[in-house]
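Colleague: Here's my sequence, what's the structure:
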Amino acid sequence: MAEQTLDLQVGSVIVAAGWEPYDARRLDNLGFGRYPNVITNVMMERLAAPGGPTGGRIQRPSDGAEPSRVAFVQCAGSRDENHLPFCSCVCCLASMKQAGYLRKQIPDSQARIFYIDLRAEGALEDFLVRVQEDPGIAFLKGRWPRSPRIRLRGT
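Modeller: Numbering: from 1, shown residues only. All right, here's what the predicted structure looks like:
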């Protein structure tokens with residue numbers, strides 16, 4: 001969406017320090033920037049947002065069709081000496097939440113979450129258990145796409 005300035009009357013202001021997403025183009029093995037249907041978690045959140053560019057409709061950027069299978073790649077660039085040596089601590093929960101958006105909106109869809117270690121501590125562990133109970137969401141442990149069973153295709 002285009003940047004815009006709004007004047008609002010509010011009762012409170014919350015100052016959030018924010019964060020800056022990692023440049024996904026630096027992860028050349030995943031195809032971001034080469035394949036239109038490879039998006040970041042921030043882009044997925046915008047697709048799912050009712051005020052976003054698609055009105056909350058999750059769709060493939062290439063053709064606007066509903067996706068039937070979606071891979072969520074955890075630790076992409078994190079915990080990697082060539083990129084970021086630390087865990088972001090938010091990606092796991094964001095992907096689980098977004099896989100839930102996908103399954104709710106497109107019940108016949110399938111989500112695969114590739115991870116090294118899952119981060120869902122404390123009360124959030126209950127959320128992880130609920131997501132794991134969804135038969136349309138599978139968790140696969142391992143580094144992407146280093147496994148010989150996994151191939152990246154441009155669709």
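Colleague: rest of the way, CA atoms for contacts and neighbours
Modeller: Will do.
Colleague: which parts of stretch 53-73 are buried?
Modeller: Buried residues in stretch 53-73, defined by neighbour count with 16 or more other Cα atoms under 10 Å: G56, R57, I58, Q59, R60, P67, V70, A71, F72, V73.
Colleague: hang on, I meant stretch 101-121
Modeller: Going by 16+ other Cα under 10 Å, stretch 101-121 has these buried residues: 101-103, 109-116, 118-120.
Colleague: Narrow those to those in helices?
Modeller: Y101, L102, R103 (DSSP state H).
Colleague: There's contact between the second one and S109 in this structure, I believe.
Modeller: I take that to be L102. Yes: counting by Cα atoms under 8 Å, S109 is a contact partner of L102 at 7.1 Å.
Colleague: what helix or strand is K97 on?
Modeller: Element membership for K97, per DSSP states H and E: helix 91-105.
Colleague: roughly how far out does that helix sit from the chain middle?
Modeller: In this view, helix 91-105 has its centroid 7 Å away from the chain centroid, taken as Cα atoms, centre = their mean, to the nearest Å.
Colleague: Which elements pack onto it?
Modeller: Under the contact criterion of 3 or more Cα pairs under 8 Å, 6 or more residues apart in numbering; DSSP states H and E, helix 91-105 touches helix 41-48, strand 110-115, helix 124-132.
Colleague: and for the shortest one, what are the contacting residues?
Modeller: Right, strand 110-115. 68-75, 92, 95-96, 99, 102-103, 136-144 (Cα atoms under 8 Å, 6 or more residues apart in numbering).
Colleague: give me that answer again for 6 Å
Modeller: 69-74, 136-142 (Cα atoms under 6 Å, 6 or more residues apart in numbering).
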